[in-house]
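Participant: kindly generate the corresponding structure for this input.
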Amino acid sequence: QVQLVESGGGLVQAGGSLRLSCAASGLTFSRYAMGWFRQAPGKEREFVAAISRSGGTTYYADSVKGRFTISRDNAKNTVYVQMNSLKPEDTAVYYCAADSSLNRVRLEQPPQAAYWGQGTQVTVSS
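Facilitator: Prediction:
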């Protein structure tokens, strides 16, 4: 079965950095667009970033543009998000997602991606 396992979350001070990883198994990774989403307490899950199958195209939410960078390594079946200049409002559970359609990953609200990880907590202290 498909598994997406996130790692790299934790507690960081405002202005700091974290890199999240999402290791995929049970699917042909290079055939799937990948995305990162987040959900803060009491809020809806929201889009953060998405990347095409080859990694050549990326999209970002306005709230993270210029601070976050999504990337992927198809040889390692892993997608990453490098998060710099973190703010307290970035505090959330971060999820990775996979879908054959990049547009389904980046556009649909509520999120409709086919596969989801279990999430990793990111807490940014002020």
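Participant: would you map the strands across this structure?
Facilitator: 3-7, 10-13, 18-25, 33-39, 46-51, 58-60, 68-73, 78-83, 92-99, 115-116, 120-125 (DSSP state E).
Participant: lowest-confidence helix or strand of this protein?
Facilitator: When the helices and strands of the chain are compared on mean pLDDT, DSSP states H and E, helix 102-107 comes out lowest with a mean of 91.
Participant: tell me the centre residue of this structure?
Facilitator: With distances taken as C-alpha atoms, centre = their mean, the residue of the chain nearest its centroid is W36 (1.9 Å).
Participant: give me every residue that touches that residue.
Facilitator: With contact set as C-beta atoms under 8 Å, 6 or more residues apart in numbering, W36 has these partners: 20, 22, 48-50, 68, 70, 79, 81, 94-97. (C-beta placed from N, C-alpha, C; glycine too.)
Participant: can you rerun that using 7 Å?
Facilitator: 48-49, 70, 81, 94, 96 (C-beta atoms under 7 Å, 6 or more residues apart in numbering).
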